[in-house]
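Asker: here's a sequence, model it:
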Amino acid sequence: MHGDPMMWVAGIRALYLQALHPRAVRGVTQNSDFRRDAWGRLMRTADFVGTTTYGTTEAAERAGARVRKIHRMLTATDPDSGERYGVDEPELLLWVHCAEIDSYLHVLRRSGFPLSDAQADRYIAEHRVSARLVGLDPETVPAGRAELAAYFDRVRPRLAAGPEAREVDDFLLRPPVHPLLLPARELLWRRVALLAYAALPSYAHELYGRPAPAPAAVTRRLRATGTLLRRVPDRLRWQLPPKHILRAMARLGPDARPAPAKPRL
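Answerer: I've put the predicted structure just below:
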């Protein structure tokens with residue numbers, strides 16, 4: 001799954017969803033200037049996902065240790081109550097994790113990636129390992145689609161599109177770029193961001209206050225985009241940073257390939 005090009009759309013959907021938890025999004029906006037370092041932040045996230053997917057066990061453990069160390073040092077402040085809290089609170093880590101995994105699974109399946117219900121459950125269960133790496137107790141993390149859905153039902157009353165979520169929304173639609181790249185931003189990036197937004201659950205659209213196309217229309221757009229991007233040769237796509245797939249292939253030998261690139265028997 002993580003070698004599929006629709007992961008980029010899924011990642012943007014995850015950012016939209018994660019921003020709806022006020023305490024979690026404050027941990028980002030109060031501790032980083034994501035507008036000035038958008039590409040760097042995106043690459044750090046992609047590097048962590050790539051390392052835990054395609055790296056060695058030792059590399060994944062080191063990546064997790066770095067994340068936990070950074071999170072332990074960061075705090076955020078509730079502007080209404082004045083409460084100061086750590087960004088490594090289990091509630092916040094769990095929200096970020098679940099929003100991310102749900103987005104990956106939702107976008108890829110809806111765009112035509114072949115994955116059975118049993119495989120989807122296995123994917124969610126396997127990600128309890130990545131949850132442990134960022135500091136969560138795996139036993140508290142959803143292990144299948146039913147548990148993930150129940151988690152979102154429980155957390156929905158705590159979600160809101162506050163000022164920080166609006167800031168993330170504006171950033172995702174209009175990230176700062178060099179003036180010469182403005183046409184490309186409007187032609188390419190904005191379309192991707194709008195597609196990611198359209199793929200959000202209905203309650204997220206209600207909170208943001210912007211309508212989304214009909215679900216059937218969104219599914220058609222996701223499938224069309226997935227079909228187009230998957231026609232790009234694997235070797236060409238794998239050249240994009242952070243190149244974890246190519247490094248894993250080099251480490252494992254010339255016959256190693258991500259599963260979808262292997263001949264189907």
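
Asker: distance of residue 210 relative to residue 33?
Answerer: 25 Å (Cβ to Cβ, to the nearest Å). No exception for glycine: its C-beta is placed from N, CA and C like everyone else's.

Asker: give me the more crowded residue out of the two.
Answerer: Between residue 210 and residue 33, residue 210 has the larger neighbour count (other Cβ atoms under 10 Å), namely 15 against 9.

Asker: OK, contacts around that one?
Answerer: Going by Cβ atoms under 8 Å, 6 or more residues apart in numbering, residue 210 touches residue 197.

Asker: let's see 6 Å
Answerer: Contacts for residue 210 were tallied using Cβ atoms under 6 Å, 6 or more residues apart in numbering; there are none.

Asker: model confidence score at it, please.
Answerer: Listed pLDDT for residue 210 reads 90.

Asker: again, but for the one 5 residues further on
Answerer: In the prediction, the pLDDT value recorded for residue 215 is 95.

Asker: next one: the one 3 residues further on
Answerer: The score at residue 218 is 97. That number is its pLDDT.

Asker: just residue 265 next, same as before
Answerer: Listed pLDDT for residue 265 reads 47.

Asker: how about residue 240?
Answerer: With respect to pLDDT, residue 240 has a value of 84.

Asker: that one and residue 43, how far apart?
Answerer: 11 Å.

Asker: what touches both of those two?
Answerer: Joint contacts of residue 240 and residue 43 (Cβ under 6 Å, 6+ apart) do not exist.

Asker: how about whichever helix or strand residue 70 is part of: buried residues?
Answerer: Taking DSSP states H and E as the criterion, residue 70 maps to helix 57-73. Neighbour counts over helix 57-73 (16 or more other Cβ atoms under 10 Å) mark 60, 63, 64, 67, 71 as buried.

Asker: give me the nearest residue to the third one, chain neighbours excluded.
Answerer: So that's residue 64. Counting by Cβ to Cβ, 6 or more residues apart in numbering, residue 64 lies nearest to residue 133, which is 3.0 Å off, once chain neighbours are set aside.

Asker: distance-wise, check that neighbour relative to residue 127.
Answerer: The value you get for residue 133 to residue 127, if Cβ to Cβ is used, is 10 Å.

Asker: equivalent analysis for residue 101, please.
Answerer: 5 Å.

Asker: over to residue 202?
Answerer: Counting by Cβ to Cβ, the gap from residue 202 to residue 127 is 24 Å.

Asker: spit out the contact partners of residue 145.
Answerer: 120, 121.

Asker: now do it, the pLDDT please.
Answerer: 98.

Asker: what about it, distance to residue 83?
Answerer: Note on residue 145: its distance to residue 83, by Cβ to Cβ, is 34 Å.

Asker: check residue 135 too.
Answerer: From residue 135 over to residue 83 the distance is 20 Å, taken as Cβ to Cβ.

Asker: which one's more surrounded, these two?
Answerer: Neighbour comparison, residue 135 and residue 83: the larger count goes to residue 135, with 18 against 10 (by other Cβ under 10 Å).

Asker: which SS state does that one fall under?
Answerer: Assigned by DSSP: H, G, I helix; E, B strand; the rest coil, the conformation of residue 135 is coil.

Asker: rewinding a little: quick one: the buried residues of helix 57-73 as a markdown table, columns for pLDDT and distance to residue 184 too.
Answerer: Shown next, in a markdown table, are the buried residues of helix 57-73 (pLDDT from 0 to 100; distance: Cβ to Cβ, whole Å):
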| residue | pLDDT | distance to residue 184 |
| --- | --- | --- |
| 60 | 96 | 34 |
| 63 | 96 | 31 |
| 64 | 97 | 35 |
| 67 | 95 | 32 |
| 71 | 94 | 34 |
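
Asker: any weak-confidence spans in the stretch 1-150 of the chain?
Answerer: The stretch 1-150 of the chain contains residues with pLDDT under 70 at 34-35, 37-38.
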